[in-house]
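S.K.: compute the structure for the input listed below.
(chains A, B and C)
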Amino acid sequence: MPIEPQDDPPFDLPPNTESGAGTPGQAAPAHAQGSISQRALAKRPMSSSAAPYLDALNPEQRAAVEALEGPVLVLAGAGTGKTRVLTTRIAHILETGRAYPSQILAVTFTNKAAREMKERVERFVGGSVEGMPWLGTFHSIGVKILRRHAELVGLKQGFTILDVDDQLRLMKQVIEAEGLDKDRWPARQLAAYIDSWKNRGLTPEKVPAGEAHAFAGGKGRELYAAYQRRLKELNAADFGDLLLESLRLFMENPDILAQYHNRFRYILVDEYQDTNVAQYLWLRLLAQGSEKPNICCVGDDDQSIYGWRGAEVDNILRFEQDFPGATVIRLERNYRSTAHILATASHLITANENRLGKTLFTDGAAGNKVTVTGLWDDEEEARTIASNIEALSKQGHRLNEIAILVRASFQMRVLEDRFITTGLPYRVIGGPRFYERAEIKDAIAYLEVTANPANDLKFERIINVPKRGLGDTSVKRVRELARASEIPLFAAAQSIIETEELSGKARRSLSDLVRQFERWRASAATMPHTELAELILDESGYTQMWQADKSPQAQSRLENLKELVRFMHEFDTLQGFLEHVSLVMDIDNASDGDRVSIMTLHAAKGLEFDTVFLTGWEEGVFPSQRTLDESGQAGLEEERRLAYVGITRAKVSAHISFTQNRRNRGLYQSAIPSRFVDELPEAHVEVVEAKTPFGGAYQNFGGRFGGNPYGASRFDEAPAAFQSSYATPGWQRAQKQWQSDSTTPPRRRAAPRTIEGELVASSTSESSFEMGERVFHQKFGYGRISEIDGNKLTIDFEKSGRKRVVDSFVERH
DNA sequence: GCATTAGTCGTTTTT
DNA sequence: CGACTAATGC
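M.R.: Got it, this is the predicted structure:
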């Protein structure tokens, strides 16, 4: 392994200089051909002993790793070893001496993916290599580039990165400054427009006239331009800018772009199907350095589920036109799921027109068929799943290996309620992220203003948090002074307290706050940053504010603050911590015990579980009516890909369910089974009857009973096959009962006692709580016990009303 | 300036 | 139904 040269200057010496190629000072050509020695090296067959890591790959994976020259598209189906290919490919480039770590650009979408790849490459190559400086998310690499050339895009080196709150605050100001009614033209909407323009690589001038008129009667473009100007004044960039501005940098400065062409000998892109136009253009520019760029994009068109966020499936579909002579390699051997599951997912996805096409297969066991269950309503669905999980748990399955995937988060509530009452430990994945919580943002704002007094938006965030009598009017005065004298808000605050401009009370508290910040800044030089953080949180009254708060979440907010300080220990400096925080929004959620996971289908991408429950397969819910309305056929295909993603998360069993009735937005509505249910391959699916009577919602099933308004069903063409599988005794029984019961849906009977009884019996015996006792629950807050039944308590919560809860979920208060 | 109440509106979400 | 926002009253 060659020794890593300094990351700067940008022109690294090519490796293997002793072979005569790439003498010092001669910039190595970045294009595919490379030096003679490199070409010779490339042709040299790797003996197994020289590259044992290659032996562990299947032929397709190996081909994807070894196709180092020229553009390569790796179509990696779910569970086919995509990350392995990517990391092995990097290792291979390094091991064969084709490039230094600093000459490889490897981009991912999420920090998690970047982290994982980094760890795995390091494991491969050994700790000897000092990381990979250009392995990261699009955004983190964008920042890195922008910091080097900030002046060229109108920023200064130490620019700050805005979060969503800051963005909205700024946009609100821009809208008001433009003299527009902020109610008619909400900042959120403008933010959505600007975001989509940035996603498409459009600077204000390039916004199509038609779209620019969509907002505020034609002012969209001006507002966008004004917003960008304000960002520059504040020396700040939003997330979109991290990409868009580095794109602009490259387009306007060919010399700079050339430096990066020279630097990046190999480009790797993960999850290519999720790239948006801006990212695509960015990659193209970087790859343009040679005719046959060594760019390797890995992705799966069937897993493109972020179209609504600007991702362009077309990028992956068009790859071969974009990069002529590209090698396309399909990874179709699946190592995750059993055959029935794979066949179900594969078959479902064939209903999509717009795809490159690939078929997953496995040498593994057939396993169990995918089950489909129709249920009366969402509560019955939750009960059934809870009892199935309970049964699995008794058989020794780990809860960590079980997940429930929903289309939309409103579906989670029933499940949570049920799990709480039965005492089934669960966790919700992808809820509010750590750094998105208000208390964390506030704390960070304090730290940020301490470290960087010029960060106006962060200062504005906490100027009156906790409440210190500095309302809108006072803040407005300070802001006006700041704008008038073109100084930061904090500086304006410093000078305004010397004047009579503010009322006595406001002046005093602002002056206190300013002095506190000055003191904290002085302490920052001598005090460890974690200690400083504690001091600030304490002296500002912030901790106290939450201690005084009696809402159910206050306690966990305080915990979060503690967690934040604990986390800060991982950084050497306050600056280092703040830089990390602005880019990395998630925090490693420690796996705390054995719990069932509940999450959206989107959040499930990239994960796998032994058992997966897919709920709510009803028209309108899944596929989502809104997507259908907004995006038509393309939307439907994206929904179908979502179904594909969901099914392929399962390793050994997948259970699909739909209900006849679902409570949503307060009203109870009837539903018909999703068209996706009809699209499932009959041979790999088993209809399981619901345990409760009338549980089957089969009267609409297959488009033959009650009519499916969404066109002919596949099963219409094969009625025999349909009947063989779906006309189970249970189904017939349900059908008969249904018909004899007239057209009125049967009333749902009371909660099945057997399930309750079973669960109660399986838990601890008698509750130690007493009637009338005041208790606290993490989710529902405070309440009083009104009934005790074994370990089950009925509690009247002050905020959430009456609930039945297992006693281990509440604590005395 | 702040707390309480009426009104709105309701996918998916990294960075 | 319930979370979040805007408007109203103290």
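
S.K.: in chain A, what residue is nearest DNA strand C?
M.R.: A:Gly666 (2.4 Å; CB to the nearest atom of the strand). Where C-beta positions appear, they are placed from N, C-alpha and C, glycine not excepted.

S.K.: burial measure for that residue, as a count.
M.R.: A:Gly666 has 5 neighbouring residues, counting by other CB atoms under 10 Å.

S.K.: need phi/psi at it.
M.R.: The phi/psi pair for A:Gly666 (degrees, to the nearest 10) reads phi 80, psi -20.

S.K.: just the pLDDT at it, thanks.
M.R.: pLDDT, A:Gly666: 75.

S.K.: and stretch A:304-320, how far out from the chain's middle?
M.R.: Here stretch A:304-320 is found 17 Å from its chain centre; the criterion is CA atoms, centre = their mean, to the nearest Å.

S.K.: got the contact list for it?
M.R.: Here stretch A:304-320 makes contact (CB atoms under 8 Å, 6 or more residues apart in numbering) with A:71, A:73, A:195-196, A:199-200, A:272-277, A:280, A:297, A:299, A:301, A:322, A:326, A:328, A:354-356, A:601-602, A:605, A:627, A:631, A:634-635, A:638, A:641-642, A:645.

S.K.: could I have the ChimeraX command that selects the buried members from these?
M.R.: Here is the ChimeraX command that selects only those of those that count as buried (16 or more other CB atoms under 10 Å):
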select /A:71,73,195,196,199,200,272,273,274,275,276,277,280,297,299,301,322,326,355,356,601,602,605,627,631,635,638,641,642,645
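
S.K.: and A:Leu180, helix, strand or coil?
M.R.: coil (DSSP: H, G, I helix; E, B strand; the rest coil).

S.K.: so the spatially closest residue to it that is not a sequence neighbour versus A:Ile389, what's the distance?
M.R.: Nearest-residue entry for A:Leu180: A:Ala216, 5.5 Å, with adjacent residues in sequence omitted and distances by CB to CB, 6 or more residues apart in numbering. Separation of A:Ala216 from A:Ile389 (CB to CB, to the nearest Å): 51 Å.

S.K.: could you check which residue of chain A lies nearest DNA strand B?
M.R.: Nearest residue of chain A to DNA strand B: A:Gly471, at 2.3 Å (CB to the nearest atom of the strand).

S.K.: could you report the neighbour count for that residue?
M.R.: By other CB under 10 Å, neighbour count at A:Gly471 equals 12.

S.K.: got the phi and psi for it?
M.R.: phi -90, psi -170.

S.K.: hmm, it is touching A:Asn464, no?
M.R.: Yes. Look at A:Gly471 against A:Asn464 with CB atoms under 8 Å: they come within range, at 6.7 Å.

S.K.: what number of residues lie near A:Arg413?
M.R.: A total of 13 residues lie near A:Arg413 under the criterion other CB under 10 Å.

S.K.: actually A:Ile161, sorry about that
M.R.: Here the number of neighbours of A:Ile161 (other CB under 10 Å) works out to 19.

S.K.: excluding chain neighbours, give the residue nearest to it in space.
M.R.: Among residues not flanking A:Ile161 along the chain, A:Ser582 sits closest, at 4.0 Å (CB to CB, 6+ apart).

S.K.: now find how far off-centre the helix or strand where the one you found lies is within its chain.
M.R.: Per DSSP states H and E, A:Ser582 falls inside helix A:574-583. Remark: helix A:574-583 is offset 20 Å from the chain centroid, using CA atoms, centre = their mean.

S.K.: is DNA strand B contacted by that helix?
M.R.: Yes. Against DNA strand B, helix A:574-583 shows contacts by CB under 7 Å from any atom of the strand at A:Leu583.

S.K.: what mean pLDDT does the helix or strand following that helix get?
M.R.: Per DSSP H and E, helix A:574-583 leads on to strand A:596-600 as the next helix or strand towards the C-terminus. In this model, strand A:596-600 has an average pLDDT of 94.

S.K.: gap between the residue of chain A closest to DNA strand C and A:Phe410?
M.R.: 11 Å.

S.K.: equivalent analysis for A:Thr338, please.
M.R.: 31 Å.
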